[in-house]
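Novice: have a look at this prediction, sequence included:
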Amino acid sequence: GENVEQHPSTLSVQEGDSAVIKCTYSDSASNYFPWYKQELGKRPQLIIDIRSNVGEKKDQRIAVTLNKTAKHFSLHITETQPEDSAVYFCAASKGFNKFYFGSGTKLNVKP
Amino acid sequence: ETGVTQTPRHLVMGMTNKKSLKCEQHLGHNAMYWYKQSAKKPLELMFVYSLEERVENNSVPSRFSPECPNSSHLFLHLHTLQPEDSALYLCASSHGTGDSPLHFGNGTRLTVT
């Protein structure tokens, strides 16, 4: 099956700095890569996703890059704000209703 | 607020109890999922239902029994659980295609005493 590894497990940045979270996957057939944000006591919410036919996608301060050859994808958050503090999960899917999640990154944005 | 509603939000049960978790989605999705979220571990897929048919059972112990009576409702029946089953149980739904995202409910925080 698929194996998704996520790093770092914790990340602390100063407000206004950028944050980068990286994930690798093992199954080259995976073709869909969503990112979820989970605030304390709340449900995971989709913040951005990318499909394998695209190398980069941006949505305001958030961007995701995908390197299919190296089988890794990354989440980039620019101009971080305290409300960005949360746990972020990456996931990989090759269809058939199966999503494989990384172990999560706890992001702390210090004001 | 959310298209996926889970009840109860919190549940404390003894090891000999029988209880059920409920999930309802109002998004018109045709796939529903149960995930287990434990501290410092990846989200673990438990069950997937697509068009009310179970398509995935991820080696989950029989003390967890899912039920999907229709495409909008999903249950997880619990019986003789162990303390290590304490976790956050998340329900999710999706359109069921490989590249459609999961929409999660707020979860049920389960404590087994």
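Specialist: The structure has been received and is ready for your questions.
Novice: count of neighbours near residue A:54?
Specialist: Other residues near residue A:54 number 12, with proximity taken as other CB atoms under 10 Å in any protein chain shown. C-beta here means a position set from N, CA and C on the backbone, and glycine is covered the same way.
Novice: skipping adjacent residues, who's closest to it in space?
Specialist: The shortest distance from residue A:54 to any non-neighbouring residue, by CB to CB, 6 or more residues apart in numbering or on different chains, is to residue A:66 (6.9 Å).
Novice: thinking that neighbour is in contact with residue A:56, fair?
Specialist: Yes - counting by CB atoms under 8 Å, residue A:66 does reach residue A:56; the two are 7.3 Å apart.
Novice: shared neighbours of these two, anything?
Specialist: residue A:50 (CB atoms under 8 Å, 6 or more residues apart in numbering or on different chains).
Novice: so what's the gap between the helix or strand bottoming out on mean pLDDT in chain B and the chain middle?
Specialist: Lowest by mean pLDDT, DSSP states H and E among the helices and strands of chain B is strand B:53-57, with a mean of 73. Here strand B:53-57 is found 13 Å from its chain centre; the criterion is CA atoms, centre = their mean, to the nearest Å.
Novice: in that strand, which residues are buried?
Specialist: residue B:56 (16 or more other CB atoms under 10 Å in any protein chain shown).
Novice: any idea how many residues pack against the residue nearest to residue A:54?
Specialist: Residue A:66: 21 neighbours (other CB under 10 Å).
Novice: re earlier: show me what the least confident helix or strand of chain B is packed against.
Specialist: For strand B:53-57, the packing partners by 3 or more CB pairs under 8 Å, 6 or more residues apart in numbering or on different chains; DSSP states H and E come out as strand B:44-50, strand B:64-70.
Novice: how does it look with 10 Å?
Specialist: Strand B:53-57 sits against strand B:31-37, strand B:44-50, strand B:64-70, with contacts defined as 3 or more CB pairs under 10 Å, 6 or more residues apart in numbering or on different chains; DSSP states H and E.
Novice: lowest average pLDDT across those strands?
Specialist: Least confidently modelled of these is strand B:44-50, at a mean of 90 by mean pLDDT.
Novice: is chain A within reach of it?
Specialist: Yes - Strand B:44-50 lies within reach of chain A by CB under 10 Å from any CB of the partner chain, at B:44-45, B:48-50.
Novice: that strand to strand B:64-70, inter-axis angle?
Specialist: Angle of strand B:44-50 versus strand B:64-70, following axes from the mean of the first three to the mean of the last three CA atoms, to 10 degrees, is 30 degrees.
Novice: in the sheet, which strands lie alongside strand B:44-50, parallel or antiparallel?
Specialist: strand B:31-37 (antiparallel), strand B:53-57 (antiparallel) (DSSP bridges).
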